[in-house]
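Q: what's the 3D shape of this:
(chains A and B)
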Amino acid sequence: MESSVPTLITQADPVALVDATIAQLNRIILGKERELRLCITCLLARGHLLIEDIPGVGKTTLAHALAQSLGLSYQRVQFTSDLLPADIIGVSVFERETGAFRFHKGPIFSQLVLADEVNRATPKAQSALLEAMEEHQVTVDGNTYPLAAPFFVIATQNPVYQIGTYPLPESQLDRFLMRIDLGYPDPNLERQLLLGQDRRDLLATLTPTMSPQQLLLLQTLVPNVHVSDALLDYVQAIVRHTRESPKYETGLSPRAAIALMRAAQAWALVHGHSGVLPEDVQAVLPGVVGHRLKPRDTASPLSPREIGEEVLKAVAVP
Amino acid sequence: MSALSHARSGRRSAGQMASARSWPLFMQQLAWVAGSFALTIVPHLGDVRPWLVVLAFATVVWRLTIELREWSLPNKWLRIAIALGAMLGVLATYRTLNGLEAGTAFLIVMGAMKLLESESRRDLTVVVFVSYFLLFAGFLYDQQFVLFPYMLLAIWFLTATLMRIHQSAPVSSLEALGTTGKMFLQALPLAVLLFLLFPRLPGQFWAVPARQVATTGLDEEMSPGDVSELSISGDIAFRVKFEGAVPPRNERYWRGLVLHDFDGRTWRRPRAIYVERPLVPIGPEYEYRIMLEPHNRPWVFALDAPTQWPRGTRRTYDYELLSNRQVSTLTTYDLRSVTSYRVEGPLPRLLREADLRLPPDRNPRSRELAQRMRAEASSDEAFIEAVLAMFRTQEFFYTLEPPRLEADSVDDFLFNTRRGFCEHFASAFTFLARAAGIPARVIAGYQGGDFNPLSGYWVVRQSDAHAWSEVWLDDRGWVRVDPTAAVAPERIQQGIDAAISEEESVPGRVFARSTVLSQLRNAWDAINTYWNDNIVKFGQAHQFALLDWLGFENADWRYLGAGLALSFVAFFATLGLYLALRYRAPPRDPLVQIYERLCKRLARHQLPRAPYEGPRDYLSRIIVARPDLAPQLREIQQLYLNLRYGPTPLASELSRLKFLVNQLKL
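A: Prediction:
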């Protein structure tokens, strides 16, 4: 699979590579270009993605298509209430021939892991995944195994009001760089969807548009995207607003501020901006802050998307 | 959530009760209030009765123990009983609740009782306010400089306590002290302005009530041992500043009281008033100012015979100077005196009788001695010379520690002990003169005084207390005779230190022997003098002098008020200017200015920018709205984004941008 991709990764043009990828993905996931871009931005910023939506809007398809297009090894873990940490990480098995334990790697050792319906599993299983996400390595029986590079987790989550879910606590939500939702498709596009080929079959036709090496290179480019003083002022103004506003229980943490800046850098990179623009920040803002801010008004809570809108509108661009 | 955090903080405070740092907040506040209350009682330790001090401190300790051990407060009836008991105690001790001492005592009781029942922030605040009152009451007793730094410290502490009581966010003790200190320094200019310019009434604004206790200095009567007792004290009696000539040391007799009545042991001031004889100056008249330390007696010490004295004082027939009220605060008098003068005779009959009267059955041997010596002498002068010669040549000793005398004190002194201090010699001499038929009286006062070059004042201390005699000679009037000068001339020439033998301890000797110490003492005295002159005594005259110096002649209180108002305006204007400068917006970036100018111009053409709108989005929107300007706007957009957010802004781009924006025809 990798041999079919040019390996001259030094020639990687971020905009061209990403545009090609998006163009291909657009054929599968109709009318969700913005979400797709956010998804790739998240990947380039070395973050993990949380997709929160009702079942059946194409979360799994998106993950699968992304893995295909980027030439990443892909594993899907369906989270259920009886899922055990070993089902994610792997298990040591005694082998009679060698007379020793051998570690059988679990699905977490793939480059792209889809953790489907992550809020249906027990907190114990959830934390096994989230620890691996944070550490980029797994320790079993005293042995430490590094995870693949690039390593990207897409977790999907049912809206928490559904039965049989364990909502992720705030501290673990913070591990996800971005949270997005897909939503229902546009009626016209839905019509196409109904008329068109089965998505599963379409997936098989995808060819990689980017190699993992190129992806890794792009990841190293992200932190080097220029951030001007004026932009830092803007980011800090946003953070200050969330901390001073009476609307939220707590403001954004410094880690969240870093996440916001990193995501904006990645967005600027894939859009070919030489420096991060306020618009780049605004583009990623709802995805980055939506799940990190807890509204104080619990009677009619804002949705994460609304939170993003509120923060965006409340802070003037300096 | 909030219940959870409460539970957490509760556990923390219970777990670490041991160290003061983690005391519960109320305990910390209570400790501060108790500490500041105790601080304000300290200056009153010498003024109020010991039982009150014990009560106050016991209450403080009790209240703190209750809080620390988590006991419950004493019940209401017990508290009322204690409070009533303490109030009755004050009433019984002072016979009144009015007046300075009783008022102070009452305040202390009230503060202690309030502290005992304190269980809320409001209670603690009341205790702090009582403490402020108590602290300032200290100034009614005493305006000495030494109190001032202590009061500043105590006020600082009290205010920090207020801050600790009313803190909304956690404040550490150091922070409270730091913030309060800063507030003090900020308030200082205003305080100085108020001090300098607030219009004052001439004279004393309020009269400090007279006090019954703690008189220092010379008393209304004099028994053997009184003056020598007083001489042990190094306290300052008064300070003197001469205008012009200074009388020589052996002329510096400061007259206090003139004692006429003698009962064989004790000399007293008479109740009777006699006719005054005119006084004819012979020598120069000295002009001087006396700054008298409070001694709670009416007399004012003046150089020998005062010839001019201020209002509020009067001169008696025997040249005492009396104030109309007790001298209970530091008071200044401008006086003139003569040290050599003649009093026109004859001596009024009643006064002559009074100054010849002796208890008939006392001191028979002395009386006999005097009559024999008078018979041998040719004149009154000769007799006086003979008596002084007797003191000089026979075995008489000048000492600070004279032996106790029998009932016939003069006999005992002249024929047995022969050791005495100035009052013994003055008493014996006056007795002998009266016995010989010469009218004579004893003067109690001070003699000498040391010059403090740092303050320019002569300082007269209690150790300079002295007693001497005056005799009436028909052709010369009253003549001063100092028998001490006969037995110990050094006392008059150099002071008490030189006159007393090495074995005896003399106050001030240690200062006289060490230049460093004496300079230190002079410096301390100079500070106090400065404090008294310029702070305590600062009044209307000083204010007008200040205005005069500033160029306002013939100023009255209206000038002061206007000056005060103007100074306040100037102060707050300066403050406002400082704050405005400090918090002014940072200098504008020219790039930002250009962009804002562009936005403003576009806004005028119905294309305003939303505050949250980024420059790229905004300008793209404008390009769509104004396709006629698209090329320029596109270049402007590109230049601006690169200059503001790009990695390599160029100066040439800035000028190009400026040019484009200026050329833009909307």
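
Q: Only C-alpha atoms from now on, for both contacts and neighbour counts.
A: Will do.

Q: can you give me the strands in the stretch 101-250 of chain A?
A: A:112-116, A:137-140, A:143-146, A:152-157, A:178-180 (DSSP state E, counting those that start in this stretch).

Q: Now do the shortest one: everything it contacts.
A: Spelled out, it's strand A:178-180. A:35, A:42, A:47-52, A:287-291 (Cα atoms under 8 Å, 6 or more residues apart in numbering or on different chains).

Q: Specify which member of these is nearest to chain B.
A: Taking Cα to the nearest Cα as the measure, chain B lies nearest A:V289 of the contacts of strand A:178-180, at 16.5 Å.

Q: so what's the closest one up against?
A: So A:V289 contacts A:M178, A:L252, A:A256, A:L260, A:P304, A:I307, A:G308 (Cα under 8 Å, 6+ apart).

Q: Make TSV out of the contacts of strand A:178-180 and add secondary structure and pLDDT.
A: Listed next are the contacts of strand A:178-180 as TSV, based on DSSP: H, G, I helix; E, B strand; the rest coil; pLDDT from 0 to 100:
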residue	secondary structure	pLDDT
A:E35	helix	90
A:C42	helix	94
A:G47	coil	92
A:H48	coil	93
A:L49	strand	92
A:L50	strand	91
A:I51	strand	90
A:E52	strand	86
A:G287	helix	91
A:V288	helix	93
A:V289	helix	91
A:G290	coil	88
A:H291	coil	88
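
Q: Please pick the buried ones from the residues you listed.
A: Taking 16 or more other Cα atoms under 10 Å in any protein chain shown as the criterion, what is buried in the contacts of strand A:178-180 is A:35, A:42, A:47-52, A:287-291.

Q: just to revisit the earlier point, tabulate the strands of the stretch 101-250 of chain A (a markdown table), appending mean neighbour count, mean pLDDT and distance to A:L189.
A: Below are the strands of the stretch 101-250 of chain A laid out as a markdown table (neighbours: other Cα atoms under 10 Å in any protein chain shown; pLDDT from 0 to 100; distance: least, Cα to Cα, whole Å):
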| stretch | mean neighbour count | mean pLDDT | distance to A:L189 |
| --- | --- | --- | --- |
| strand A:112-116 | 26 | 91 | 25 |
| strand A:137-140 | 16 | 86 | 41 |
| strand A:143-146 | 12 | 88 | 42 |
| strand A:152-157 | 26 | 90 | 23 |
| strand A:178-180 | 27 | 91 | 20 |
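
Q: B:Y645 is nearest to which of those strands?
A: For those, the distance to B:Y645 is smallest for strand A:178-180, at 23.9 Å, taking Cα to Cα.

Q: strands paired with the closest one, and their directions?
A: strand A:49-52 (parallel) (DSSP bridges).

Q: Show residues contacting the partner strand.
A: Here strand A:49-52 has contacts from A:39, A:42-43, A:59, A:152-159, A:176-182, using Cα under 8 Å, 6+ apart.

Q: Give the next helix or strand downstream of it.
A: From strand A:49-52 onward toward the C-terminus, using DSSP states H and E, the following helix or strand is helix A:59-70.

Q: which parts of that following helix are buried?
A: Neighbour count says helix A:59-70 has A:K59, A:T60, A:T61, A:L62, A:A63, A:H64, A:A65, A:L66, A:A67, A:Q68, A:S69, A:L70 buried, by 16+ other Cα under 10 Å.

Q: do stretch A:74-82 as well
A: Applying 16+ other Cα under 10 Å to stretch A:74-82 flags A:Y74, A:Q75, A:R76, A:V77, A:Q78, A:F79, A:T80, A:S81 as buried.

Q: Stretch A:240-257 too?
A: Buried residues in stretch A:240-257 (16+ other Cα under 10 Å): A:H241, A:T242, A:R243, A:K247, A:Y248, A:T250, A:G251, A:L252, A:A256, A:A257.

Q: So which residues make contact with stretch B:68-77?
A: Here stretch B:68-77 makes contact (Cα under 8 Å, 6+ apart) with B:M27, B:T65, B:I66, B:L116, B:E117.

Q: Next one: the last one from B:P149, what distance?
A: Between B:E117 and B:P149 the distance is 31 Å, computed by Cα to Cα, to the nearest Å.

Q: What is the burial count for the residue of the stretch 151-300 of chain A found nearest chain B?
A: Per Cα to the nearest Cα, A:G275 is where the stretch 151-300 of chain A lies closest to chain B, at 4.4 Å. For A:G275, the count of nearby residues is 25 (other Cα atoms under 10 Å in any protein chain shown).

Q: residue boundaries of the helices in the stretch 101-250 of chain B?
A: Applying DSSP state H, counting those that start in this stretch to the stretch 101-250 of chain B gives helices spanning B:121-141, B:147-165, B:173-197, B:226-230.

Q: And the ones you listed: which comes nearest chain A?
A: Closest among those, using Cα to the nearest Cα: helix B:173-197, at 24.4 Å.

Q: angle of the closest one against helix B:147-165?
A: 130 degrees (axes from the mean of the first three to the mean of the last three Cα atoms, to 10 degrees).

Q: who does helix B:173-197 touch, helix- and strand-wise?
A: On a contact count with 3 or more Cα pairs under 8 Å, 6 or more residues apart in numbering or on different chains; DSSP states H and E, helix B:173-197 meets helix B:147-165, helix B:557-582.

Q: and with 10 Å instead?
A: Here helix B:173-197 touches helix B:25-41, helix B:147-165, helix B:540-549, helix B:557-582, going by 3 or more Cα pairs under 10 Å, 6 or more residues apart in numbering or on different chains; DSSP states H and E.

Q: export those to CSV and tack on distance to chain A?
A: Listed next are those as CSV, based on distance: least, Cα to the nearest Cα, whole Å:
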stretch, distance to chain A
helix B:25-41, 26
helix B:147-165, 25
helix B:540-549, 52
helix B:557-582, 20
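
Q: So which of these is the most surrounded?
A: Highest mean neighbour count of the helices and strands packed on helix B:173-197: helix B:25-41, a mean of 21 (counted as mean count of other Cα atoms under 10 Å in any protein chain shown).

Q: Tell me the gap between that one and the middle of its chain.
A: 26 Å (Cα atoms, centre = their mean, to the nearest Å).

Q: do stretch B:658-666 as well
A: 74 Å.

Q: Now do the buried residues in it.
A: B:K658, B:L660, B:V661.

Q: burial of the residue nearest to A:L44 when sequence neighbours are not counted, as a residue count?
A: The shortest distance from A:L44 to any non-neighbouring residue, by Cα to Cα, 6 or more residues apart in numbering or on different chains, is to A:Q219 (4.8 Å). Neighbour count for A:Q219, taken as other Cα under 10 Å: 19.

Q: Give me the distance between A:G275 and A:M261.
A: 12 Å.

Q: now B:L152
A: From B:L152 to A:M261 the distance is 53 Å (Cα to Cα).

Q: cool, B:R461 as well?
A: From B:R461 over to A:M261 (counting by Cα to Cα), the distance is 79 Å.

Q: B:V592 now?
A: Distance from B:V592 to A:M261, by Cα to Cα: 22 Å.

Q: how about the residues of chain B that lie near chain A?
A: Contact residues (Cα under 10 Å from any Cα of the partner chain) of chain B with chain A: B:592, B:610-618, B:641-648.

Q: Please list only the buried members of these.
A: Here, 16+ other Cα under 10 Å leaves B:Y612, B:E613, B:G614, B:P615, B:R616, B:Y618, B:L641, B:N642, B:L643, B:R644, B:Y645, B:G646 buried among those.

Q: My read is that B:R122 contacts B:L115, right?
A: No - between B:R122 and B:L115 there is no contact under Cα atoms under 10 Å: 11.1 Å.

Q: okay, and the common contacts of the two?
A: B:V128 (Cα atoms under 10 Å, 6 or more residues apart in numbering or on different chains).

Q: Between the two, which is the more surrounded one?
A: The neighbour count for B:R122 versus B:L115, taken as other Cα under 10 Å, is higher for B:L115 (26 against 12).

Q: Now the more buried one: closest residue in space that isn't a chain neighbour?
A: B:V127 (6.2 Å).

Q: CSV please, covering the helices of the stretch 101-250 of chain B and showing distance to B:R268 and mean pLDDT.
A: CSV is the format used below for those (distance: least, Cα to Cα, whole Å; pLDDT from 0 to 100):
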stretch, distance to B:R268, mean pLDDT
helix B:121-141, 29, 89
helix B:147-165, 36, 90
helix B:173-197, 45, 88
helix B:226-230, 13, 77
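
Q: Before I go, just wanted to say thanks for your time.
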